[in-house]
Structure formats: C-alpha cells, structure tokens
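In: sequence and predicted structure are below.
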Amino acid sequence: MGRDLARDRYPRQHAHPRRVLPCALLLACLALFLTAVPVGLTGAPLGRGQPDPAIAEIIGEINESELQNTTYDLQAIPTREFGSEGNREAGEYLYARLAGIPGLEVEFQGGELNNVIATLPGSGNTSDEVVIVGAHYDSTSSDPARAPGATDNACGVAIVLELARVMSGHSFDRTVQFALWNAEEEGSYGSVDYAARAADTGVPVVLYLNYDSTCYDPENHSVLDIMYDERSADIAALMADHNTLYATNFTLTRNRHTCGSDQTSFQARGFPALMTHSENHGPAHTPDDTIDRVSFEYAAGNARLGLSVLAKVAGLQGDEDGAAIPKAPVAG
C-alpha cells in the first residue's frame, strides 16, 4: 500500500511513478484524535439493538485456515511486482479461485491492469446497487525480485476470497462485487480505472470496503484503525457498533493512518469508501514480509467485522431488519 513517508526508509533499486499520500502518526495530534472520535469508535454501543442472528451466523462461517492457505499460495510466488511474470501468475491463480466458487461471475477488468472482479448478483429490488469489497494483489519490495508481500497484501486478498466463499452461499438484496486490484503499489491504477468507469457510467456504488496492510498484530494488541471520510462516516459508526454487537472486540482508532490505497480511488469519485488498517505497517515493502509475520487470528477477526458490515449494507436476506445504508453527510 502507499506508505508513510516518515516510515518508508526502504532502499529502492528502481523507482516507479507513484501516488503516495503521507501517513502521519503525530503524537501531538493524539489529543485531537481522542476528542474528535465519533460515538462508537471507542467500542461503546450506538443503541442499534441486539445482534442479528442471521449476521451472527454468517460471520461464524469465516475459516482462519482458508486465510492461511491463500496467503501461503500468494507469498510463495517470489514477486507479484506489477508487470512481472509472478504478477501475471497471481492474477491467473486468483481468477481460477474465484471462478471455482459457485454463483460468482468472474472477469478480468481494466485491460493490461488485470483487475480480477467477481460479481454476486443481488436478488432484491435494489439489485442494481453495488457493494464492493476489495484488496490489491500486487506486491513490492526494496528487492523487487523478492517481494512476497504477505501482510501487504496477500492476507488482504485472502480475506476478500474468504468473504467471496462465505457470501456466495447466501442471498443479498444488493449486488456484491469482490475486487482484486492490480498496480496499487504503482499508484492504485487498477482501482482508479474501475472507479472512473463506475462514475462515468453511473454505477450506484453504495459502499467500497478496502483491505490493505490489515493483518499485522505481532504483540496481540487488537488495535484496528478505521480510515474513512465524511461520506463514509456513518458506515464507520456502523462498523464500530458491530465491533461491540458481534464481539470482534478490537480497540478501534479513527483515521490514525492517512495512507493512500484503493479506497481513495473511490473517495475521489464521491463514493462512500473506507478501509481498515493494522496498528503498524510491520515488514511491508521488504523481502521479510513473509507469512510468519501475519497475525491470522487478528485477520480472521477483521474479516468477521467487515463481513458483518457488508452483510448489513448489502441486505442479507434473513436479516431481521433488511438492507441498511446509513445516510452519511456529504463532503463539501
């Protein structure tokens, strides 16, 4: 993902044109953060009632072993650097994985960008509206030939694949898309292309949820940062509420990271979009970003929390309350 400029000290053997947003972790802003956090981001209930049995059941289907297996397969490719043979191999692998899930319509999108998009058609009267969850599958490193990218971002991809496996076994009012972006490390070009097309053709994207650098918790702090803007503020509050209701029990922070990743492609086009992020970046962008650095229990909790929100917004059929899309304030 786009790295914190203050943290990104890795030597590069070559440079690519990139769009990197600064990710500031300034202690001087901590007091401001604590006063600005909206109700719910501390884990306090928002008064939305009891857990819904249908959502509690679906999030219980997340399988940590599935996350481990997918992460292992991807990090075993020596590099997924955009334009490399490993990158092409990873795209083909992911296409085949999604195509093997019943009920999904899978395609490559974006020409040479090779985004992999799987669609689960909605079956309600809001099926023309789209909920998207995504992660980038390319990797980078100080040594581009050795870029296993386990925490950044094979594990994020593994979460999206696991969500596709679980959600495809259920029906939703809205259409759900599972997006695996390419060229994020070069400037988020894969998601930029998709979001631009969606905006130009009037695709009603009601939510984009991004997973990137979201599986690293070596000291078991269970701290999870929610990165969002005004348009997605109510979704962030819903996520905080679900953190309590469905006992994922993260300590949630608000916009502590401001890193560029694929959610910003959607935010720039006016779509509600947010991302979860680990407390720290860890070994990202180095040859040491291997599977032994991934915190899979943490990743599984992150998958469950995201799935609870996706199921609610997409309108899990059997949910007592039906589809929900909070009315977030419009950014000026």
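Out: Yes, it's here. Numbers count the residues shown, from 1 in each chain.

In: and Gln109, how close does it get to Ala195?
Out: Remark: distance between Gln109 and Ala195 (C-beta to C-beta, to the nearest Å) = 12 Å. All C-beta atoms are positioned from the backbone trio N, CA, C, and that covers glycine.

In: so between the two, which is more surrounded?
Out: Ala195 (26 against 17; other C-beta atoms under 10 Å).

In: if I look at that one, how far off is Thr264?
Out: 9 Å.

In: the helices in the stretch 151-300 of the chain, which residues?
Out: Per DSSP state H, counting those that start in this stretch, the stretch 151-300 of the chain carries helices over the ranges 155-167, 189-201, 233-245, 262-267, 296-314.

In: now those helices as JSON lines including distance to Asn87 and mean pLDDT?
Out: Supplementary listing: the helices of the stretch 151-300 of the chain in JSON lines, determined by distance: least, C-beta to C-beta, whole Å; pLDDT from 0 to 100:
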{"stretch": "helix 155-167", "distance to Asn87": "13", "mean pLDDT": "98"}
{"stretch": "helix 189-201", "distance to Asn87": "11", "mean pLDDT": "98"}
{"stretch": "helix 233-245", "distance to Asn87": "31", "mean pLDDT": "97"}
{"stretch": "helix 262-267", "distance to Asn87": "16", "mean pLDDT": "98"}
{"stretch": "helix 296-314", "distance to Asn87": "23", "mean pLDDT": "98"}
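
In: Arg254: which of those helices is closest?
Out: Closest to Arg254 of the helices of the stretch 151-300 of the chain, according to C-beta to C-beta: helix 233-245, at 7.4 Å.

In: pull out the buried residues from stretch 52-71.
Out: With burial defined by 16 or more other C-beta atoms under 10 Å, the residues of stretch 52-71 counted as buried are Asp52, Ala54, Ile55, Ile58, Ile59, Ile62, Glu66, Leu67, Gln68, Thr70, Thr71.

In: hang on, isn't Thr253 packed against Ile226?
Out: Yes: here Thr253 reaches Ile226: they are 7.2 Å apart, a contact under C-beta atoms under 8 Å.

In: looking at these two, which is more packed in?
Out: Neighbour count, other C-beta under 10 Å: between Thr253 and Ile226, Ile226 has more, with 28 against 20.

In: which residues touch that one?
Out: Leu41, Ala236, Met239, Ala240, Leu252, Thr253, Arg254, Asn255, Leu274, Met275, Thr276 (C-beta atoms under 8 Å, 6 or more residues apart in numbering).

In: one step back: which of the buried residues of stretch 52-71 lies closest to Glu81?
Out: Among these, and counting by C-beta to C-beta, the member closest to Glu81 is Thr71, at 17.8 Å.

In: tell me which stretches of this structure form strands.
Out: Here the chain has its strands, by DSSP state E, at 105-109, 115-120, 130-136, 175-181, 205-211, 223-228, 251-254, 273-278.

In: TSV for those, including distance to Glu89 and mean pLDDT?
Out: TSV is the format used below for the strands of the chain (distance: least, C-beta to C-beta, whole Å; pLDDT from 0 to 100):
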stretch	distance to Glu89	mean pLDDT
strand 105-109	14	98
strand 115-120	13	98
strand 130-136	16	98
strand 175-181	14	98
strand 205-211	21	98
strand 223-228	30	97
strand 251-254	36	96
strand 273-278	26	97
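
In: hang on, the earlier thing: turn the helices of the stretch 151-300 of the chain into a markdown table, columns for distance to Pro102.
Out: Output for these, formatted as a markdown table (distance: least, C-beta to C-beta, whole Å):
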| stretch | distance to Pro102 |
| --- | --- |
| helix 155-167 | 10 |
| helix 189-201 | 24 |
| helix 233-245 | 27 |
| helix 262-267 | 27 |
| helix 296-314 | 18 |
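
In: to Ile117, which of those helices lies closest?
Out: helix 189-201 (7.6 Å).

In: just the C-alphas of that closest one, formatted as CSV.
Out: Extracted in CSV, the C-alpha atoms of helix 189-201 (Å, rounded to 0.1, in the frame of the first residue of the first chain):
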residue,chain,number,x,y,z
TYR,A,189,-4.0,2.4,-11.1
GLY,A,190,-6.3,-0.7,-11.1
SER,A,191,-8.9,0.8,-8.7
VAL,A,192,-8.5,4.2,-10.3
ASP,A,193,-9.6,2.7,-13.6
TYR,A,194,-12.5,0.9,-12.1
ALA,A,195,-13.8,3.8,-10.1
ALA,A,196,-13.5,6.2,-13.0
ARG,A,197,-15.6,3.8,-15.2
ALA,A,198,-18.1,3.4,-12.5
ALA,A,199,-18.5,7.1,-12.1
ASP,A,200,-18.7,7.7,-15.8
THR,A,201,-21.4,5.1,-16.4
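
In: no further questions, thank you.
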